[in-house]
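1. compute the structure for the input listed below.
(one chain, ligands or ions: 9)
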Amino acid sequence: MSSTSLLAAGLALISSVSALRSYPQFGEKQFSQSFLDGYNLLKFTSSLGPYSNRVSYGIDRNTPAGCEVDQVFLLMRHGERYPDYSGFGQNYEAVLAKMAASNVTSWKGDLTFLNDWTYYVEDPGMYSQESYSGAYAGLADAYARGTDYRLRYGHLWDKKSIVPIFAAGYSRVVETARYFGQGFLGYNYSTNAAVNIISESSTGGANSLTPTCAADSNYLPCLLGSFSKTMPELEVAAARFNAQNPGLNLTAIDVTHLMQMAAFELNVRSYTPWAEAFTLDEWVSYGYIWDLMYYNCVGPGSEYQIAVGQVYTNATRVLMQQGPKSGSMFWSFVHDTNITPVVAALGLDVPDKPLPNDTIHFPYQYRASDIVPMGGHLTIERMTCNATAKSVEGVYVRAVINEAVVPFNTCQGGPGFSCPLANYSAIVDAAPRFNERCNTSSTYPQYLDFFWNYNTTTQYNYLAGPIGYQQTYTDA
Ligand SMILES: *[C@@H]1O[C@H](CO)[C@@H](O)[C@H](O)[C@H]1NC(C)=O
Ligand SMILES: *[C@@H]1O[C@H](CO)[C@@H](O)[C@H](O)[C@H]1NC(C)=O
Ligand SMILES: *[C@@H]1O[C@H](CO)[C@@H](O)[C@H](O)[C@H]1NC(C)=O
Ligand SMILES: *[C@@H]1O[C@H](CO)[C@@H](O)[C@H](O)[C@H]1NC(C)=O
Ligand SMILES: *[C@@H]1O[C@H](CO)[C@@H](O)[C@H](O)[C@H]1NC(C)=O
Ligand SMILES: *[C@@H]1O[C@H](CO)[C@@H](O)[C@H](O)[C@H]1NC(C)=O
Ligand SMILES: *[C@@H]1O[C@H](CO)[C@@H](O)[C@H](O)[C@H]1NC(C)=O
Ligand SMILES: *[C@@H]1O[C@H](CO)[C@@H](O)[C@H](O)[C@H]1NC(C)=O
Ligand SMILES: *[C@@H]1O[C@H](CO)[C@@H](O)[C@H](O)[C@H]1NC(C)=O
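-> Ligands and ions are numbered 1, 2, ... in the order given. This next block holds a predicted model:
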């Protein structure tokens, strides 16, 4: 057999094997009739647990036929991480200390695993940092997103230009940006990436990835109030643990802290025995506490925060109008509370009426786990499309949240349920304006400038020295 016919025979074999593999065996179902992902705990660990794709509407994630993405805008939260100490880890340490002081000598019932479980924050210096171990590690998530986006959007890099990467000035955010960049640029990261660190200070005004709304006096009270909210199901969990372990005296608030702690454990260890200590109904209730927080404090329930989101939607809209000559890739890295305002400013995930505080809103219309899990991201694509039977030739926009296409409520007439750029622009203009609504000081920058005036140096591409103890803000 000649080498060419050997090759042809090999290819034929491979294609017949793959043809067999793509069809079910006789009598098997082509499509599953179960939707077990509804029970996936990652939809209830909310913003504190590992990344999960958004539950999709079924719309094809791939670029529609006849279209080409010519600009992409990524707004991504840092990846999986350790808890912060303040407001989080300190509470976990306190509830664990309370349990240790309860005189229970042998844990029973749903807490039996505690007889040989240890807290996963072994080095307190790691509080707040991106995680680096386990199947859900934050650094791995960021790198994998980069490699995935290289495959998807690699055509936008001309293989010579400098690629700017914008990171808000916070340790875990900057590390996420760096690992994403290494995933995206591979061997070319050290020479062709230019990490720009954008300060989180409120003095940045509108020239920021993390704008502060001076007029939003409810911002901190709203967040802090959410941290002391519980639900009736969590009283049930506390009572069950206490009954199983005489001497234990947990409250529903203690239970919320243990559930938070469990969510974070996955970011570090791949597995948490706490997951099964709570019932599914308890996890559903716990998840809703976070939905309420994002909705009311940093989402569509706050006019101020919609105005905060307008900074990013406006600037990226201007870039889309200018087109690829102003740059084709804008990779930006921030926190959860900087993404939910942008989603709200685009009119996405806005429930029909405010979420009730005392009962869970079924069916879900605002799920924090579908928007800002660790590594959560909003991807906006500008597409140039040929005419189709339903739409004219032109420029269209699509929003993708955590890898699911999310159409705009009143504008989905383009290919792949996209929206014509002019109509998209009207959606952007419907949001309240940041400077006016937030009463931004006139001494601060009034508009976002760094997407046009970024540094092309590589000096921030790598961490210069050790990460500081519980490091948060950073400018290097
Ligand atoms: C749009 O149509 C032109 C002309 O037929 C074709 O060359 C081009 O490949 C099409 N673009 C896409 C993205 O399919
Ligand atoms: C645990 O035992 C000690 C010593 O008997 C006692 O002083 C303390 O009150 C007990 N704690 C609880 C929570 O019962
Ligand atoms: C990118 O990296 C590859 C592999 O090292 C190298 O061959 C290529 O020249 C690099 N491109 C640029 C623009 O530096
Ligand atoms: C707006 O800011 C000015 C000073 O910067 C302050 O005097 C005024 O009270 C603020 N208004 C509101 C509505 O917050
Ligand atoms: C349990 O704690 C509550 C306060 O959270 C306290 O009022 C109550 O007396 C405690 N019960 C026991 C049995 O220690
Ligand atoms: C829920 O509680 C928050 C905080 O107290 C409040 O701002 C919001 O209006 C309440 N929502 C409803 C629907 O009552
Ligand atoms: C875009 O806006 C124009 C003018 O307001 C309107 O006629 C058209 O139906 C809109 N297209 C879509 C897809 O919403
Ligand atoms: C929109 O962004 C551009 C560029 O940053 C800026 O010049 C303009 O003032 C902004 N407009 C609004 C309404 O925010
Ligand atoms: C670019 O570098 C200069 C000098 O270090 C700095 O002042 C400026 O803020 C940087 N710009 C950005 C977008 O990071």
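
2. mind listing the strands for the stretch 101-250 of the chain?
-> Remark: strands assigned in the stretch 101-250 of the chain by DSSP state E, counting those that start in this stretch are 163-168, 193-198.

3. in its sheet, what does the first one sit against?
-> Read it as strand 163-168. Using DSSP bridges, strand 163-168 pairs in its sheet with strand 193-198 (parallel), strand 329-334 (parallel).

4. dump the last one to PDB, restricted to CA.
-> Yep, that's strand 329-334 we're talking about. The C-alpha coordinates for strand 329-334 follow below in PDB (Å, rounded to 0.1, in the frame of the first residue of the first chain):
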ATOM      1  CA  MET A 329     -10.000  43.400  21.500                       C
ATOM      2  CA  PHE A 330     -10.700  45.000  24.900                       C
ATOM      3  CA  TRP A 331     -10.000  42.500  27.700                       C
ATOM      4  CA  SER A 332     -11.000  44.000  31.100                       C
ATOM      5  CA  PHE A 333     -10.900  42.500  34.500                       C
ATOM      6  CA  VAL A 334     -12.900  43.700  37.500                       C
END
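
5. is any part of that strand close to ligand 8?
-> No. Judged by CB under 6 Å from any ligand atom, strand 329-334 stays clear of ligand 8, getting no closer than 12.5 Å. Every residue, glycine included, has its C-beta placed from N, CA and C.

6. quick one: mean pLDDT for that strand?
-> Mean pLDDT, computed over strand 329-334, is 98.

7. tally of neighbours for the closest residue to ligand 7 within the stretch 351-476 of the chain?
-> In the stretch 351-476 of the chain, no residue comes nearer to ligand 7 than G413, which is 2.9 Å away by CB to the nearest ligand atom. Applying other CB atoms under 10 Å, we find 15 other residues in the vicinity of G413.

8. okay if I get the strands paired with strand 163-168 as a markdown table plus distance to A430 and mean neighbour count?
-> Conversion of the strands paired with strand 163-168 to a markdown table gives the following (distance: least, CB to CB, whole Å; neighbours: other CB atoms under 10 Å):
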| stretch | distance to A430 | mean neighbour count |
| --- | --- | --- |
| strand 193-198 | 26 | 22 |
| strand 329-334 | 22 | 25 |
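
9. which one of the ones you listed lies closest to T359?
-> Counting by CB to CB, T359 lies closest to strand 329-334 out of the strands paired with strand 163-168; the figure is 32.0 Å.

10. show me what the closest one is in contact with.
-> 71-78, 153, 156-157, 163-168, 173-174, 176-177, 180-181, 184, 209-210, 312, 316, 319, 451 (CB atoms under 8 Å, 6 or more residues apart in numbering).

11. tell me the gap between that strand and the middle of its chain.
-> Relative to its chain's centre, strand 329-334 lies at 13 Å (CA atoms, centre = their mean, to the nearest Å).

12. ok, back up a step: just checking, the residue of the stretch 351-476 of the chain closest to ligand 7 touches P407?
-> No. Counting by CB atoms under 8 Å, G413 does not reach P407; the two are 9.8 Å apart.

13. mutual contacts of those two, please.
-> Common contact partners of G413 and P407 (CB under 8 Å, 6+ apart): C419.

14. any idea how far L151 lies from ligand 1?
-> According to CB to the nearest ligand atom, to the nearest Å, L151 stands 18 Å off from ligand 1.

15. what segments of the stretch 51-200 of the chain are helices?
-> 90-100, 138-153, 171-185, 189-192 (DSSP state H, counting those that start in this stretch).

16. most packed of those helices?
-> Most buried of the helices of the stretch 51-200 of the chain, by mean neighbour count (mean count of other CB atoms under 10 Å): helix 171-185, with a mean of 26.

17. next, the contact list for the spatially closest residue to C438 that is not a sequence neighbour, please.
-> Closest residue to C438 in three dimensions, ignoring its sequence neighbours and counting by CB to CB, 6 or more residues apart in numbering: C213, at 3.9 Å. By CB under 8 Å, 6+ apart, the contact set of C213 is Y219, Y304, Q305, A307, V308, F434, R437, C438.

18. mind picking the two most distant members of those?
-> Based on CB to CB, the longest span within these runs between Y219 and F434 and measures 14.1 Å.

19. so where's this structure uncertain?
-> 1-23 (pLDDT under 70).

20. flag every residue of it that's near ligand 4.
-> A215, N439, S441.

21. make TSV out of those residues and add neighbour count and distance to ligand 6.
-> Compiled in TSV, these are given as follows (neighbours: other CB atoms under 10 Å; distance: CB to the nearest ligand atom, whole Å):
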residue	neighbour count	distance to ligand 6
A215	14	16
N439	14	20
S441	13	26
